[in-house]
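> predicted model and sequence follow; I will ask about them next.
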Amino acid sequence: MEPRCRSPACLFLLLLGACGFFQSYAVEVEVKDASNTTCLYAKWMMKFLIRYETNSSDYKNITLDLPSNVTHDGSVCGNDTQAALVALQFGEGHSWSNNFTKTNETYQGDFVTFTYNTNDTAVFPDAKRKGPITVVVKDSMLPVHLNNVYVCHNADSFETENVIQIFWNVTLQAFVQNGTISKRESRCRADTPTSAPTVLPTIANVTTASTSTLSPTPTSVPKPVENPDTGNYSLKSGNKTCLLATVGLQLNVSKDKPVLININPKTTTADGTCGNTTATLRLNDGNSTSIAFTFVVKNTSANVPKFYLKEVNVTLFNHLNGSVISNADNNNFSKWDTFLGSSYMCRKEQTLEINENLQIHTFNLWIQPFLVKENKFSTAQECSLDDDSILVPIVVGASLACLIAIIVVAYIIGRRKSYAGYQTL
């Protein structure tokens, strides 16, 4: 979690916090594995500023603090193939979670999920929309070396969809080695030796939800996200491989204010069905995301069978209870078209628009959903984006056109000068 509190609303809230106006409890979570060994430790303070619509169609801003009786059911240690997860439940149906992924050398936060329940009348006494509302935001935490503890005393915030989440006094270590919290620290950028820890809310005896009259939060520029890792997936029918896929996947869950989520191949499993005319590849990233690709076979005018991508379904789940946050489907695609018995390849980035609020970006795609032989891809039909050879005739043609134009212009100018000379004589 790197500090990025920039909006006037967030800064105003922090100023009030520095004065002691808002108070909050500290949260401490220690997750242990089956052998009762500590595998994840986190201690931090946080609060939420939420803007909601009232029954009279105006808007209010409330500050939601953590109570003293917070539970952390659903928190998991994580491993090489599964993300670690810190999960909290508090109040009347509110929950928060942050998952962490790792490489051979580092770990870092992936994305944060916050659900607030407007049925909680003590916090939202006049909310027009009733029920749980979930927001998802990409974690800005930089990679931390394994066996280092991440420390950030200064304030950090995430702003998205009418919610500002504010954190401070963070101490965290995911994928703890040998059950012992490390003595080595990795500090956030704001915690420089010359900056004193932010003096923010202290531990309180009473927790209240207070209202304020802050203006709507402005749109913030999302932090660029690296391209996703490429995963290798396959399906079998009996003992024979019937589908092969290699692809890097990235979700864009909002076009207006992008939240980019990379699908992690290390935590993603594949299942689905194979058939003679239809095939479905379903990819499940832990307990958070499910993406299903459906391919069909068609006959062309020349009666030569081809396959293509027809449908994509995306489901986002709540980490804590498995409930569906969002579901989107588009069954009108006609993408990745090639001859049956061949494979389709596109190394460049492509975009599949599921609906106006959800896109899938694909990278390094290589797919064969039918007639796989000897567990290998057949000859690939490459997409036009990968076909650099088409640039050669274009460049040559453009160069020749420019050369001809120069010759014609030079010829005309020469003719005019010669004509002028004859007139003088």
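Looks like it arrived, so ask away.
> OK, contacts around the residue nearest the centre of the chain?
Closest to where the C-alpha atoms of the chain average out (CA atoms, centre = their mean) is residue 261, at 1.2 Å. Shown in contact with residue 261 (CB atoms under 8 Å, 6 or more residues apart in numbering): 110, 111, 136, 138, 250, 251, 253, 289. No exception for glycine: its C-beta is placed from N, CA and C like everyone else's.
> direction included, what does the helix or strand harbouring it pair against?
Take DSSP states H and E as the rule and residue 261 turns out to sit in strand 260-262. Strand 260-262 has its sheet partners listed here by DSSP bridges as strand 240-252 (antiparallel).
> the partner strand - what's its average pLDDT?
Mean pLDDT, computed over strand 240-252, is 95.
> can you mark which positions in it are buried?
Residues 241, 242, 243, 244, 245, 246, 247, 248, 249, 250, 251, 252 are the ones in strand 240-252 that count as buried (16 or more other CB atoms under 10 Å).
> including distance to residue 127, could those go into TSV?
Below are those laid out as TSV (distance: CB to CB, whole Å):
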residue	distance to residue 127
241	52
242	50
243	46
244	49
245	44
246	46
247	41
248	40
249	35
250	34
251	29
252	29
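> so which elements touch the strand or helix carrying residue 281?
Using DSSP H and E, residue 281 sits in strand 278-285. Judged by 3 or more CB pairs under 8 Å, 6 or more residues apart in numbering; DSSP states H and E, strand 278-285 is in contact with strand 231-237, strand 240-252, strand 268-273, strand 289-299.
> just put those in TSV and tack on distance to residue 190.
Formatted as TSV, the helices and strands packed on strand 278-285 follow (distance: least, CB to CB, whole Å):
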stretch	distance to residue 190
strand 231-237	35
strand 240-252	28
strand 268-273	33
strand 289-299	31
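> those: which one's closest to residue 358?
Across these, residue 358 has its closest neighbour in strand 240-252 (7.0 Å, CB to CB).
> and residue 406, which of the three is it?
helix (DSSP: H, G, I helix; E, B strand; the rest coil).
> need the pLDDT of it.
For residue 406, the pLDDT comes out at 85.
> again, but for residue 107
So, for residue 107, pLDDT stands at 94.
> spatially nearest residue to it (excluding sequence neighbours)?
residue 174 (4.8 Å; CB to CB, 6 or more residues apart in numbering).
> hey, where'd the strands end up in the stretch 101-250 of the chain?
Taking DSSP state E, counting those that start in this stretch, the strands of the stretch 101-250 of the chain run over residues 106-117, 132-138, 144-145, 149-152, 156-160, 163-173, 185-187, 210-212, 231-237, 240-252.
> ok, the residue nearest to residue 155 when sequence neighbours are not counted - contacts?
With sequence-adjacent residues excluded and distances taken as CB to CB, 6+ apart, residue 155 is closest to residue 168, at 4.6 Å. Contacts for residue 168 (CB under 8 Å, 6+ apart) come out as 44, 45, 46, 152, 153, 154, 155, 156, 198, 200.
> give me the neighbour count for residue 272.
Close neighbours of residue 272, defined as other CB atoms under 10 Å, add up to 19.
> distance of it relative to residue 378?
To residue 378, residue 272 is 19 Å away according to CB to CB, to the nearest Å.
> same check on residue 359?
In terms of CB to CB, residue 359 sits 29 Å off from residue 378.
> just grab the bridge partners of residue 165 for me.
residue 48, residue 158.
> what of residue 42?
In this entry, residue 42 is beta-bridged to residue 29, residue 172, by DSSP bridges.
> which sections of the stretch 201-350 of the chain are below the confidence cut-off?
Applying pLDDT under 70 to the stretch 201-350 of the chain flags residues 201-225, 255-257, 287, 301, 319-323.
> oh, that last question was meant for the stretch 1-150 of the chain, not what I typed.
Scanning the stretch 1-150 of the chain for pLDDT under 70 picks out 1-24.
> what ranges do the helices span in it?
8-18 (DSSP state H, counting those that start in this stretch).
> wait, which of the helices and strands packed on strand 278-285 is closest to residue 331?
So among those, strand 289-299 is nearest, using CB to CB, at 7.7 Å.
> other SSEs contacting that closest one?
Checking 3+ CB pairs under 8 Å, 6+ apart, strand 289-299 ends up next to strand 240-252, strand 278-285, strand 305-317.
> partners of it in the sheet?
Sheet pairing of strand 289-299 (DSSP bridges) gives strand 278-285 (antiparallel), strand 305-317 (antiparallel).
> got the angle between the longest one and strand 106-117?
Right, strand 305-317. Here strand 305-317 points in a direction 70 degrees away from that of strand 106-117 (axes from the mean of the first three to the mean of the last three CA atoms, to 10 degrees).
> kindly report the same for the shortest one.
Strand 278-285 and strand 106-117 are oriented at 100 degrees to each other (the same axes, to 10 degrees).
> next, the angle from strand 278-285 to strand 231-237.
130 degrees.
> then the last one?
Angular relation of strand 305-317 and strand 231-237 on a 0 to 180 degree scale: 110 degrees, by the same axes, to 10 degrees.
> distance from the chain centre to the strand holding residue 281, please.
The chain centroid and the centroid of strand 278-285 are separated by 19 Å, computed with CA atoms, centre = their mean, to the nearest Å.
> what residues does it touch?
Contacts of strand 278-285 (CB under 8 Å, 6+ apart): 231, 233, 235, 242-243, 245, 249, 263-264, 267-273, 289-297, 369-370.
> any idea which of the helices and strands packed on strand 278-285 gets closest to residue 122?
Taking the helices and strands packed on strand 278-285 one by one with CB to CB, strand 289-299 is closest: 33.1 Å.
> in the closest one, what counts as buried?
289, 290, 291, 292, 293, 294, 295, 296, 297.
> stretch 337-356 too?
Buried residues in stretch 337-356, counting neighbours by 16+ other CB under 10 Å, are found at 338, 340, 342, 343, 344, 345, 346, 350, 352, 354.
> could you check how far residue 84 is from residue 231?
Residue 84 is 19 Å from residue 231, by CB to CB.
> give me the more crowded residue out of these two.
residue 84 (24 against 20).
> the more buried one reaches residue 33, doesn't it?
No - contact criterion CB atoms under 8 Å: residue 84 and residue 33 do not qualify, at 11.0 Å.
> name the residues contacting each of these two.
Joint contacts of residue 84 and residue 33 (CB under 8 Å, 6+ apart) are 39, 77.
> quickly note the distance from the residue nearest to residue 286 when sequence neighbours are not counted to residue 247.
Leaving aside its chain neighbours, residue 286 sits nearest to residue 267 (4.7 Å; criterion: CB to CB, 6+ apart). Counting by CB to CB, the separation of residue 267 from residue 247 is 15 Å.
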